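Student: based on what follows, work out the 3D shape:
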Amino acid sequence: MHKIWLIVKREYINGVKRKAFVVMTLLVPLLGIISVVLVAFVSKHGSNQSLRLAIVDNAGGSAASIARNLSAVMANGAHQFTISETLDRPADPKGIEQQLRASINTGKLDAYLVIPKDLSHPFELHMKNTGNFTAMAPVTAAVNQALIEARLRARGINVDNVSEIVRAADLQVIRVTESGESVERGQTFGVAIGLVILLYMSLLMYGILTMRSVLEEKTTRTMEVLVSSVQPIQLLAGKILGVAGVAFTQFLIWVASLVLLLTYGAFMAAIFGGGSFPAIHIPASLLIWVICYFVGGYFLYSSMFAAIGSACSNEQDAGQLQWLAMGPLVFAMSFYWLVMIDSTSTPSLVLSEIPFLAPVLMPLRISIQTPPAWQLALSIALLFGTIMGAVWASAKVYRIGVLMYGKRPTLPEMLRWVRYS
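Tutor: Numbering: from 1, shown residues only. Down below sits the predicted model:
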């Protein structure tokens, strides 16, 4: 046990001293803080420059309605517009459009809208920056309302404010739980997707880190010295636990940064954006389950990655074999949408109970709707039982692979190593 502790200590100290660890540990929270502050700042102090718009009304009678509707849209905080001129039924539409294009090219105008003579034909918005979707959306809304007004007038119906008539209903989704009901604001969906991405990236990143740690010592011949003092199983256990300590340290820093960001988010939003910072409430039970499945998934996949690293002699060979460990994770990601649609369905139940998929899919199910206790208990039992088998098999491969050089073993050969006594 003392030797394992020494290996764990060595792996942990070397891991936290790496430049990549320091950079990623500091960069991720820093980018999160910068993003929140920047978005809030831009929301308040963004460009207030109005878009200069001209309207060519070939049908007649619709330009005033569009201008009025644009004013109503702007009152709701949308993109600002300045109607530079309105041309009602011009005698020479082609000549007028040519002049307006010249005005755009010289910077005197930003865009012009062409209303067709036949309102069933497409409306045309001419502008240089066609990627300005914040400008296109309010113009589209104003044109749609004006078109509805024109169609109603054609049927003898006069409407003062068509927006009140066509306004969509507000559908409020209420989430039903055993503890009661709560208004759903899209938070569950965001938390679920965030958990899937977090678990997938973390398991993949730290698994590959374990593989490279083993491969680095093997290629530098350090492994030959180490195995003369400790057993391969002790070396494997020490490496997995050492990298786990590095991973949990980084996660602790990230979680603390997230808590601080959420705590002071409202304060920053009040300073820079003048609005409220969205509150994110994550149940403590969900965090506990996420930690359990992350720990289980880490030990499962890191043992597999460590075995692959011990069996290979260089990065290229390891890159070709690492699909053995990456495959189940990629497979789990390809089925997350199935769980999102119906977390209680039979396919969701079966997939989330598979030990290699459970670290990603079961927390996703829990974040949407907590499964029955027997399903959670079965999943944990299968996961940790598989971990024991994976560590045992990886130790068999590790014992032989760490001292083999010059050849990339095949999968059948690695399976034969597992059967060796």
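Student: average pLDDT for stretch 11-26?
Tutor: Taken as a whole, stretch 11-26 has a mean pLDDT of 82.
Student: which residues touch it?
Tutor: For stretch 11-26, contacts defined as C-beta atoms under 8 Å, 6 or more residues apart in numbering pick out 209, 213, 238-239, 241-243, 245-246, 249-250, 253-254. (C-beta placed from N, C-alpha, C; glycine too.)
Student: ok, G401 touching S313?
Tutor: No. Under the criterion of C-beta atoms under 8 Å, G401 makes no contact with S313, lying 9.4 Å away.
Student: who's more crowded, the two?
Tutor: Neighbours were counted for G401 and for S313 using other C-beta atoms under 10 Å; G401 has more, 26 against 17.
Student: derive a PyMOL selection command for the buried subset of the contacts of stretch 11-26.
Tutor: What follows is the PyMOL syntax for the buried subset of the contacts of stretch 11-26, where burial is set by 16 or more other C-beta atoms under 10 Å:
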select buried, resi 209+213+238+239+241+242+243+245+246+250+254
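Student: now for the contacts of stretch 11-26: which two are most distant?
Tutor: The two members of the contacts of stretch 11-26 with the most space between them (C-beta to C-beta) are G238 and W254, at 24.7 Å.
Student: still on that earlier bit, which ones among the contacts of stretch 11-26 are found in helices?
Tutor: 209, 213, 238-239, 241-243, 245-246, 249-250, 253-254 (DSSP state H).
Student: three-state assignment of the residue of the chain positioned farthest from its centre?
Tutor: Within the chain, A91 marks the point farthest from the mean C-alpha position, 53.8 Å out by C-alpha atoms, centre = their mean. Look at A91: counting by DSSP: H, G, I helix; E, B strand; the rest coil, its state is coil.
Student: mind checking how far it is from L361?
Tutor: According to C-beta to C-beta, to the nearest Å, A91 and L361 sit 67 Å apart.
Student: same check, this time on D57
Tutor: D57 is 56 Å from L361, by C-beta to C-beta.
Student: quick check: E124 touching L100?
Tutor: No. E124 is beyond contact range of L100, at 11.2 Å (criterion: C-beta under 8 Å).
Student: the two: which is more packed in?
Tutor: L100 (22 against 12).
Student: elements contacting the helix or strand encompassing the more buried one?
Tutor: Per DSSP states H and E: L100 is located in helix 93-105. With contacts taken as 3 or more C-beta pairs under 8 Å, 6 or more residues apart in numbering; DSSP states H and E, helix 93-105 sits against strand 51-57, strand 111-115, strand 124-127.
Student: could you rerun that using 7 Å?
Tutor: strand 51-57 (3 or more C-beta pairs under 7 Å, 6 or more residues apart in numbering; DSSP states H and E).
Student: what sits up against the strand it packs on?
Tutor: For strand 51-57, contacts defined as C-beta atoms under 7 Å, 6 or more residues apart in numbering pick out 63, 66-67, 79-90, 93, 96-97, 100, 109-115, 135.
Student: with only the CA atoms kept, save that strand in CSV.
Tutor: Taking Å, rounded to 0.1, in the frame of the first residue of the first chain, the C-alpha atoms of strand 51-57 are listed here in CSV:
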residue,chain,number,x,y,z
LEU,A,51,-30.2,50.9,-39.8
ARG,A,52,-31.0,53.3,-42.6
LEU,A,53,-33.8,51.7,-44.7
ALA,A,54,-35.7,52.9,-47.8
ILE,A,55,-39.0,51.3,-48.9
VAL,A,56,-40.0,51.0,-52.5
ASP,A,57,-43.8,50.3,-52.5
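Student: mean confidence for that strand?
Tutor: 87.
Student: any idea how far Y298 is from L321?
Tutor: Distance of L321 to Y298, given as C-beta to C-beta: 20 Å.
Student: just C312 next, same as before
Tutor: 21 Å.
Student: which one's more surrounded, those two?
Tutor: Using other C-beta under 10 Å, the more surrounded residue of C312 and Y298 is C312, with 26 against 23.
Student: what's near enough to touch the nearest residue to R10 once chain neighbours are set aside?
Tutor: Once flanking residues are discounted, R10 sits nearest to G242: 6.9 Å by C-beta to C-beta, 6 or more residues apart in numbering. The contact partners of G242, by C-beta under 7 Å, 6+ apart, come to 7-8, 10-12, 15.
Student: how about CSV for the residues you listed, with secondary structure, neighbour count and distance to R416 added?
Tutor: Formatted as CSV, those follow (DSSP: H, G, I helix; E, B strand; the rest coil; neighbours: other C-beta atoms under 10 Å; distance: C-beta to C-beta, whole Å):
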residue, secondary structure, neighbour count, distance to R416
I7, helix, 21, 27
V8, helix, 19, 30
R10, helix, 14, 31
E11, helix, 21, 29
Y12, helix, 19, 34
G15, helix, 21, 33
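Student: can you map out the strands along this structure?
Tutor: Residue ranges of the strands in the chain, as given by DSSP state E, are 51-57, 81-88, 111-115, 124-127, 173-177, 180-184.
Student: the closest residue to I368 other than its chain neighbours - how many residues pack around it?
Tutor: Computed as C-beta to C-beta, 6+ apart, the closest residue to I368 that is not its neighbour in sequence is S343, at 4.5 Å. Using other C-beta under 10 Å, S343 is surrounded by 21 other residues.
Student: how far away is the residue nearest to L6 when sequence neighbours are not counted from I13?
Tutor: Leaving aside its sequence neighbours, L6 sits nearest to G238 (C-beta to C-beta, 6+ apart; 7.4 Å). According to C-beta to C-beta, G238 and I13 sit 12 Å apart.
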